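Engineer: Structure for the following, please:
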Amino acid sequence: MISAAVGFQCPDCVRNGAKQTRQGQGPYGGERSGNPAITTIVLIGINVAVWVAILVTGGANSWLAERLALTPGGYCAVAGDPSRYFPDIGRASCALTNQGTWIAGGVSGGEWWQVITSAFTHIEVLHIGLNMLALWFLGPMLERVFGRVWFLTVYLLSALAGSAAVLWLSDSINPTLGASGAVFGLIGALLVLTYRTGGDMRSVLIWLGINVVFTFTNSSISWQGHLGGLVGGLAASVIIIFAPRQNRTQLQLLGLAVLTAVIIGAITLRALQLN
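Structural biologist: Purely as a prediction, here's the structure:
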């Protein structure tokens, strides 16, 4: 017999009870995080580290920012001055300008890492400050419900979806950077979660509406990245939250794999077109 809080239990009863109890699982199958803020802290730390590296290497004129920001198509750039470039000059002619030019390859030129590194790249203090503040408010709350793995999956898929939208909908030579697409994906996840749990949708919709208005009234903001991130976050969270209990993990993995394949396929197709 096994000593219990009250009396004793037989070993078979304890074993059967353990089999029927899901240890440490959240409401949607994800493993509960011991500290739901850890992943958010790490993400903020990566963003801040990249921002500092960009400041050290020249700030707005940093070569690192040029390599990490998302540029859909390649262009003939002037070294040390991202504001100057020759949009209609090919690779061979770019080398003959004698103005310190070089070909910024972009995603279509093989710099595929930009579709994810751009989501960790910032230059202006206000930009990184607002994004990290929103991440700090949303991240621990969502990780507490989703678990660490699913939360990080939603975040990264939102970032990729934002990059895919930028590739298809924005100018091919304008660089895009920032974690806003991933943050919009988290707002989408919060919207789905609030709907699923019967919470107050009005407050989330008002917050989303304010951000949408701000996005479309500021010409320096990439509405494409915000839109793509929001759609990606909505899709990923729907797959996680609405998966039926029976075979839930397998269905979640299958759905997220299909979503990932669709996003990567869209990125690849657009990169080939631009190339």
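
Engineer: center of this protein - which residue?
Structural biologist: A159 (2.6 Å; CA atoms, centre = their mean).

Engineer: Assumed that residue was part of a strand.
Structural biologist: No. Counting by DSSP: H, G, I helix; E, B strand; the rest coil, one finds A159 to be helix, located in no strand.

Engineer: Pull the contacting residues for the nearest residue to it once chain neighbours are set aside.
Structural biologist: Nearest residue to A159 in three dimensions, chain neighbours excluded: A119, at 3.7 Å (CB to CB, 6 or more residues apart in numbering). Heads up, the C-betas are built off the backbone N, CA and C, glycines and all. Listed by CB atoms under 8 Å, 6 or more residues apart in numbering, the contact partners of A119 are 159, 162-163, 178-179, 181-182.

Engineer: Can you report how many residues neighbour the nearest residue to R144 once chain neighbours are set aside?
Structural biologist: Sequence neighbours aside, P36 is the residue nearest to R144 in space, at 4.1 Å (criterion: CB to CB, 6+ apart). P36 has 19 neighbouring residues, counting by other CB atoms under 10 Å.

Engineer: now the helices for the chain?
Structural biologist: 11-20, 38-56, 63-68, 91-94, 114-117, 125-146, 148-169, 180-197, 201-216, 223-241, 248-274 (DSSP state H).

Engineer: Could you pull out the buried residues of stretch 190-203?
Structural biologist: 190-194 (16 or more other CB atoms under 10 Å).

Engineer: List just the nearest of the residues you listed to A257.
Structural biologist: V192 (19.1 Å; CB to CB).

Engineer: The closest one and A235 touch, don't they?
Structural biologist: No. Counting by CB atoms under 8 Å, V192 stays clear of A235, with 9.3 Å between them.

Engineer: roughly how far apart are the nearest residue to Q252 once chain neighbours are set aside and W51?
Structural biologist: Closest residue to Q252 apart from its sequence neighbours, by CB to CB, 6+ apart: A243 at 4.8 Å. With distances taken as CB to CB, to the nearest Å, A243 is found 36 Å from W51.

Engineer: same check, this time on R32
Structural biologist: With CB to CB as the criterion, R32 and W51 are 31 Å apart.

Engineer: ok, now E66?
Structural biologist: 15 Å.

Engineer: go on, F216?
Structural biologist: In terms of CB to CB, F216 sits 26 Å off from W51.

Engineer: Then L193?
Structural biologist: Following CB to CB, the distance that separates L193 from W51 is 29 Å.

Engineer: low pLDDT regions in this structure?
Structural biologist: Scanning the chain for pLDDT under 70 picks out 1-23, 74-75, 77-105.
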